[in-house]
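Visitor: Sequence below, structure please.
(chains A and B)
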Amino acid sequence: MKPFACVLFCAAVALAQNPLDPAAADWKSAAPMTLSLQRTPPLYPTDSAAAIEVSSVQAQFLHTNAGNFVRLQWSDKTHDTTVLPKAERAWQGDHLVTQSAATDRFSDACAFMVPAKPVIGDLNPSLQMGDAGHPVRIFVWDSTRGAAVMEASGRETTKRTGQLFPAQGQYAGGKWSVTLQIPDLNAGTPFAVAIWNGSQQDRDGRKYFTIWYRAQ
Amino acid sequence: MPQHQISMVLDLNKCLGCQTCTMACKKLWTDGDGMDYMYWNNVETRPGQGYPRNWDKIGGGFEDGKLRPSELPSKEDYGQTFEYNYAERLFQGGMQAMPQEEVRNTPNWDEDVGALMLGENYYFYLPRLCNHCTNPACLEACPRKAIYKRAEDGIVLVDQERCEGYRYCMKACPYKKIYFNELLGKAQKCIFCYPRIEKGEVNACAKQCPGRLRFVGFLDDPDSAVHKLVHVYKVALGLFPEKGTEPNVFYVPPFNPPRTGSYGKSVLEDPRMPMDYLKYLFGDEVVDVIRRLEGELQRAQSGGASEVLQLLIGRDEHVRYQIPKHEQLIQIGGGHKA
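Guide: Coordinates of the predicted model:
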């Protein structure tokens, strides 16, 4: 490739990837949707009730030639994430001690759920991870472990597909900004959002969630 | 309810506190990434803080049939993990091999500290592993249904594919014998050396034990040492029976001679350690067990034969371990319940 062509190509790639940057200028022009968050009730006998610390999440959408993107933003006073230590090797591959054992800490996280099959009319899948006839795909981003695609057909059926998807998260000024690149996300696609607040020991069904909305 | 239940009995009177079992387990199973702080088998001095610190006081198990709340142990509760400055020591020379950081708390940090009774120090060693409970609180607590109890031997395992690292199991376990691998985001625990057990080989911790204090076999096998010690001679008890999980690891309680050695005085009249502490660990039944053991001792001392004391000597592996290969399991049982 000639230098000039390379400059053009690389610039195009850079532009195409731009929406994945949570601070990209493109997001300024995307209309925000403010979604109210509900808190799941205590699910297990040992669960204590949790205060409402995150009341809403803002969603914005960008549809570009590079793909379809959503940016989620929510306020969170605590930045709950762990930088996982790298597993180190000594001579001949011997394991070296890694100072890691965040045994009692949980990470901030979010998820973007969409129906796995086209929705007929207004009949959305169950909010509880779909149901047998209405499966869902869930794009999960975890501040420690990154992004993963899950699928489900109801509560307790979620499983990892092994697929990853592009996502980026930034925490600044008491606020999370997370961009997710979601395949087949069009204006009108039903979606629901979940937020996990690590400092409240959120994980699993212990979380905040929205009702179904339609993507812009 | 499993068809068979494998079990271990540990005679605490024979434990040297040498940690050979701990190292055997560590080298075999928890030498991987993210497992540094894990000791699926550990030996702790009692009375003492235990590993993780205060595990016996932070909750878990069942109360009135429901899971009891619990805290999650923190990294500090498990004690520090650290590396030594081997590279400097080996390749630069002239200095001592030292930990790479100041060490302030490790597993078994309070080794041999014990406690005082009537001005005299007492302690004993308590080797601990997953109890592979008949009613596992970890299994009950897991919303992913990632924990299962094998029908063929009652071993409790965590399906590493299904586990999402939610750690409800860690909270639920009253013995705090499930660990979180932060690098993998998975809960991990003692697997009772099932690949060895399936081949008829005893667990690594038992195999390496210089004190020969571990007995392994199927509780429902009437010919096994564990069956005899638990169900026939009734000299072995589970830890914290009131937690409601029905542990399948049992202990022959510390049975010391009378404190002053006064002739004619029984262990219960002149104990070397507070009976209340043993009751705390093993329940009120421990008094009967000690009385039973003292009776056996007196019989042996007066020239009689004591089958239970002979068995507890555990002269060789054939006495201590009865582990049929899994394809032979169908032949044992005969109506006995684990």
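Visitor: Excluding chain neighbours, what is closest to residue A:155?
Guide: In space, residue A:155 comes closest to residue A:128 once its chain neighbours are excluded; the distance is 4.7 Å by C-beta to C-beta, 6 or more residues apart in numbering or on different chains. Just so you know, the C-beta spots here come from the backbone N, C-alpha and C atoms, and that holds for glycine as well.
Visitor: Can you tell me how far that neighbour is from residue B:7?
Guide: As judged by C-beta to C-beta, to the nearest Å, residue A:128 and residue B:7 stand 40 Å apart.
Visitor: When those two are compared, which one has more neighbours?
Guide: Each of residue A:128 and residue B:7 has its neighbours counted (other C-beta atoms under 10 Å in any protein chain shown); residue B:7 has more, 30 against 15.
Visitor: in the strand or helix carrying the more buried one, what's buried?
Guide: Counting by DSSP states H and E, the secondary-structure element that holds residue B:7 is strand B:6-11. Applying a neighbour-count criterion of 16 or more other C-beta atoms under 10 Å in any protein chain shown, the buried positions in strand B:6-11 are B:6, B:7, B:8, B:9, B:10, B:11.
Visitor: CA atoms of stretch A:20-27 as PDB?
Guide: As requested, the backbone C-alpha atoms of stretch A:20-27 are provided in PDB (Å, rounded to 0.1, in the frame of the first residue of the first chain):
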ATOM      1  CA  LEU A  20     -16.200   2.800  20.600                       C
ATOM      2  CA  ASP A  21     -14.400   5.600  22.500                       C
ATOM      3  CA  PRO A  22     -16.800   6.600  25.300                       C
ATOM      4  CA  ALA A  23     -15.400  10.200  25.000                       C
ATOM      5  CA  ALA A  24     -15.600  10.400  21.200                       C
ATOM      6  CA  ALA A  25     -17.100  13.700  19.900                       C
ATOM      7  CA  ASP A  26     -19.700  11.800  17.900                       C
ATOM      8  CA  TRP A  27     -21.600  11.000  21.000                       C
END
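Visitor: what is the mean pLDDT for that stretch?
Guide: For stretch A:20-27, the per-residue pLDDT values average out at 95.
Visitor: Also stretch B:153-166?
Guide: 96.
Visitor: List the buried residues of it.
Guide: In stretch B:153-166, residues buried by neighbour count (16+ other C-beta under 10 Å) are B:153, B:154, B:155, B:156, B:157, B:158, B:163, B:164, B:165, B:166.
Visitor: Nearest to chain A among these?
Guide: Nearest to chain A among those: residue B:166, at 4.7 Å, using C-beta to the nearest C-beta.
Visitor: ok, now which ones touch the closest one?
Guide: A:203, A:204, B:142, B:143, B:144 (C-beta atoms under 8 Å, 6 or more residues apart in numbering or on different chains).
Visitor: Which one (most neighbours) among the residues you listed?
Guide: For the contacts of residue B:166, neighbours were counted using other C-beta under 10 Å, and residue B:142 has the most, 25 neighbours in all.
Visitor: what helix or strand is the closest residue to it other than its chain neighbours on?
Guide: On the basis of C-beta to C-beta, 6+ apart, the spatially nearest residue to residue B:142 that is not a chain neighbour turns out to be residue B:169, at 5.3 Å. When elements are defined using DSSP H and E, residue B:169 is found to belong to helix B:168-172.
Visitor: pLDDT on whichever helix or strand comes after that helix, on average?
Guide: Along the chain past helix B:168-172, the next helix or strand (assigned with DSSP H and E) turns out to be strand B:178-181. Across strand B:178-181, the average pLDDT comes to 96.
Visitor: Report whether strand B:178-181 contacts chain A.
Guide: Yes: Strand B:178-181 reaches chain A (C-beta under 8 Å from any C-beta of the partner chain) through B:179, B:180.
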